Every structure is written in C-alpha cells, then in structure tokens.
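Engineer: no FASTA, just this:
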C-alpha cells in the first residue's frame, strides 16, 4: 500500500509513495538491509554514479506508478518484478555518463554474485574492469544491469511516454503510467516509430 510518511530523502515521492521513510533512509546506505547489496564491490563508487543508484532504488521502491510493468517472478527472493519500464533518454544517458569512470566486474547485477560473506562480491574468475568496457553504451547499461527491468528508449522527457527516474514538482510518471494502462493492447516499439497491435483475449487458428 502506498504510504505518505516518506521523508525528504526520496523527495520526489513525498506526496504519494509506496515506501516508508525508513526504506527511503536505507536506500542511501552503502550496504543497506534492503538488499544487502554493496555498491563498492570494485573500489569506492563515485558520488555522482552512486547518486543514480540511490535514485534508481527510490524509483523502484517508492513509485506508485509502475503497475503496467509489474510481472510475476519465480525466484526465491522475490515474487514480482518490473520488466521493460521505458526510461526517458536523458535519464539513461546521464546515469551512464556519470558512471563511465567507475569500475565493475559484472554486467548483470541481479544474479551471479559471490554471497559467501552475506554481501555481494565479484565472482571467482572475474575482474574489475572500466565501466565502459563492461557496458559499451548507455543502452547496454540500462537494459542489462537489472535484467531488463528498464527499456532504453529514444523518447525525451517532454514526450510524456517515458518514465523519469528523478524529478522535481508534480510527478510526471502518473500520466505516463495512465497512458500505457489505457493503451494496454498496443505495444509501442520505442525509437522506431512502429507499433504492433495485440488483440487481447482472442485466439486465432
């Protein structure tokens, strides 16, 4: 259930959030109880890069408008996940640009870590590499890092057809979610100007 007791840390969602103030606080910790995930697995992550991951956590934990992209998940640690959330181009590119001088050892951060010490460490036979070597492009990073939770798009913020990870003022994602809910039978192939109409509830033989 969405809560309204969130503090100013995940401030964009202070008026309507699906997380508590305590969750918001933990989103800012280097090794939070939320996932016990350590951002500093390849040395200390730069502040500007880490800020995007904090925003990513706030967006995932607090946004009340991710409904169109929630899917069931058959995994021990979660029963639901988001899939192919269309991120605005500026959000993805700025995230990538601010992390390009950092290091990591994996392109998929959802799985494959060494958890033998109760926090994530780089797996055996991997090495820390420059960010741009692991992720050659913003598209590669945004789509791969969380197992296709996000979809890279050429849609700009002013289009009203992409989700913003961070914002000031009224939440622009509400209208975006409403658009995709209303047009649920239409799959928009972003960035190509094409659309595929799916006839829901009908079978063709």
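Structural biologist: Okay, I see it. All of these numbers come straight from a predicted model, not from anything done at the bench.
Engineer: now for the longest helix anywhere in the chain, which elements pack on it?
Structural biologist: Counting residues, the longest helix found in the chain (DSSP state H) is helix 47-62. When contacts are defined as 3 or more C-beta pairs under 8 Å, 6 or more residues apart in numbering; DSSP states H and E, helix 47-62 packs onto helix 21-26, helix 89-99. The way it works is simple: take the backbone N, C-alpha and C, and place the C-beta from them, glycine included.
Engineer: In terms of mean pLDDT, which of the ones you listed ranks lowest?
Structural biologist: Comparing mean pLDDT across those, the weakest is helix 21-26, with a mean of 52.
Engineer: and stretch 140-157, which residues are buried?
Structural biologist: 141-146, 148-153, 155 (16 or more other C-beta atoms under 10 Å).
Engineer: which other residues reach it?
Structural biologist: 56, 60, 81-92, 95-96, 99, 107-111, 131, 135, 138-139, 161-162, 164, 172, 190-191 (C-beta atoms under 8 Å, 6 or more residues apart in numbering).
Engineer: PyMOL command to pick out the buried ones of the residues you listed?
Structural biologist: Only the buried entries of the contacts of stretch 140-157 go into this PyMOL selection, using 16+ other C-beta under 10 Å:
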select buried, resi 56+60+81+82+84+85+86+87+88+89+91+92+95+96+99+107+109+110+131+135+138+139+161+162+164+172+190
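Engineer: buried set for the longest helix of the chain?
Structural biologist: 49-62.
Engineer: Backbone dihedrals for residue 163, both of them.
Structural biologist: Residue 163 has phi and psi values of phi -90, psi 140 when expressed as degrees, to the nearest 10.
Engineer: Quick check: it touching residue 174?
Structural biologist: No: Residue 163 is beyond contact range of residue 174, at 10.4 Å (criterion: C-beta atoms under 8 Å).
Engineer: Looking only at neighbour counts, state which of those two leads.
Structural biologist: Neighbours of residue 163 and residue 174, each counted by other C-beta atoms under 10 Å, are more numerous for residue 163; the result is 27 against 13.
Engineer: Helices along this protein, start to end?
Structural biologist: Under DSSP H, the chain gives helices at 21-26, 47-62, 89-99, 131-134, 138-144, 173-182.
Engineer: Now do the contacts for the residue nearest the centre of the chain.
Structural biologist: In the chain, the C-alpha nearest the mean C-alpha coordinate belongs to residue 56, at 5.1 Å (C-alpha atoms, centre = their mean). By C-beta under 8 Å, 6+ apart, the residues touching residue 56 are 95, 146, 165.
Engineer: what do you get for residue 69?
Structural biologist: Neighbours of residue 69 in contact, by C-beta under 8 Å, 6+ apart: 82-85, 180.
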